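In: The sequence and its predicted three-dimensional model are supplied below.
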Amino acid sequence: MDTRLCRAARTLCVVNRTPRRCAFIMAASLALAATGALSQTITNGTFDLEVPRTSFGNGWTGLSNDGAGGWRSSGGNPGGFFIINDNGACDRDPSISQIVTDLVVGQVYEISGDYARLIVNSAPSGGASFAADIDGVQLFTGTAGTLQAWRPFAFVFTATADTATLRLRSEINGTDNDVAVDNIAITLVPTPAGLGLFAAAGFGALRRRR
Ligand SMILES: [Ca+2]
Ligand SMILES: [Ca+2]
Ligand SMILES: [Ca+2]
């Protein structure tokens, strides 16, 4: 079974000590594993492969990133990473984005990663400079933070379709702090309601196969 689903199922079995409910969760999890329902992933989330500054490549689409920003092959957390940087313009934010696929409608997912201000360019130093959006809705903001210190971030969203666009923006709110990102990932958030949705999808798929 998918290790993430296995962990989620075990967690829910601990929380829901009723044997019948636990059996349902494990059966649902096995059905899901058989259908490959947990195949959602972030492509090149560790930035091992080059990402162009203003076009699509290796999973990400760069937008409005200038020459001081962009992909770097080393110096990240660790290895390759991406500096989201422009000239501090108020009418646009530099970004990278990725379409996440194979989501299940109604299921909760967590997006996580690391971010850091690596370049001395702070205006202001204390305001929110980094944001993460799902389908154009801002769900996370972060301050510039200590220079060259990687910090983790995470937020959750509920899937409303089988795909969603994740966008990571820098220089928000008229700031000019250049945020670097690395280790972007997506994980399933185990909830009984979510596994119920998965179970319906999984059993349905199994039935269709027979
Ligand atoms: Ca990396
Ligand atoms: Ca900048
Ligand atoms: Ca801006």
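Out: Arrived safely. Ligands and ions are numbered 1, 2, ... in the order given.
In: how about A154, secondary structure?
Out: In three-state terms, and counting by DSSP: H, G, I helix; E, B strand; the rest coil, A154 is strand.
In: Let me see the contact set for it.
Out: A154 sits next to 110-113, 140 when contact means CB atoms under 8 Å, 6 or more residues apart in numbering. (Each C-beta comes from the backbone N, C-alpha and C, glycine too.)
In: do that again at 10 Å, thanks
Out: Listed by CB atoms under 10 Å, 6 or more residues apart in numbering, the contact partners of A154 are 110-113, 132, 140, 185, 187.
In: ok, now R117?
Out: By CB under 10 Å, 6+ apart, the contact list for R117 reads 83, 125, 129-130, 142-151, 170, 177-180.
In: E110 too?
Out: 154-157, 185-189.
In: State the helix or strand in which it lies.
Out: In the assignment (DSSP states H and E), E110 maps to strand 108-117.
In: That strand - what's its average pLDDT?
Out: For strand 108-117, mean pLDDT is 96.
In: so, in contact with ligand 1 or not, it?
Out: No. With CB under 5 Å from the ion as the criterion, ligand 1 is not reached by strand 108-117; the gap is at least 8.6 Å.
In: quick check: angle from whichever helix or strand comes after that strand to strand 108-117?
Out: Sequence-wise, the next helix or strand downstream of strand 108-117 (DSSP H and E) is strand 128-134. Orientation note: strand 128-134 sits at an angle of 150 degrees relative to strand 108-117 (axes from the mean of the first three to the mean of the last three CA atoms, to 10 degrees).
In: Listing partners with orientation, what would you give for strand 128-134?
Out: Looking at strand 128-134 with DSSP bridges, its partner strands are strand 137-143 (antiparallel), strand 164-170 (antiparallel).
In: Looking at the ones you listed, which one is packed in the most?
Out: Compared across the strands paired with strand 128-134, strand 164-170 shows the largest average neighbour count, a mean of 22 (mean count of other CB atoms under 10 Å).
In: and that strand with ligand 2, contact?
Out: No. Applying CB under 5 Å from the ion, one finds strand 164-170 separated from ligand 2 by no less than 7.3 Å.
In: For the chain, what lies in contact range of ligand 3?
Out: Checking the chain against ligand 3 by CB under 5 Å from the ion, the hits are 93, 171.
In: all strands for the chain, in order.
Out: Counting by DSSP state E, one finds strands in the chain at the ranges 56-57, 60-63, 70-72, 81-84, 95-100, 108-117, 128-134, 137-143, 151-158, 164-170, 179-188.
In: could you say what helices and strands the fifth one packs with?
Out: Contacting strand 95-100 under the criterion 3 or more CB pairs under 10 Å, 6 or more residues apart in numbering; DSSP states H and E are the following elements: strand 60-63, strand 81-84, strand 128-134, strand 164-170, strand 179-188.
In: My read is that G57 contacts F82, right?
Out: No. Taking CB atoms under 10 Å as the definition, G57 is not a contact partner of F82, at 11.2 Å.
In: Quick check: neighbours shared by these two?
Out: Common neighbours of G57 and F82 (CB under 10 Å, 6+ apart) are 44, 50-51, 71.
In: Now flag whichever of the residues you listed is closest to T163.
Out: N44 (17.1 Å; CB to CB).
In: Surely the closest one touches G80?
Out: Yes. With contact defined as CB under 10 Å, N44 counts as touching G80 (8.6 Å).
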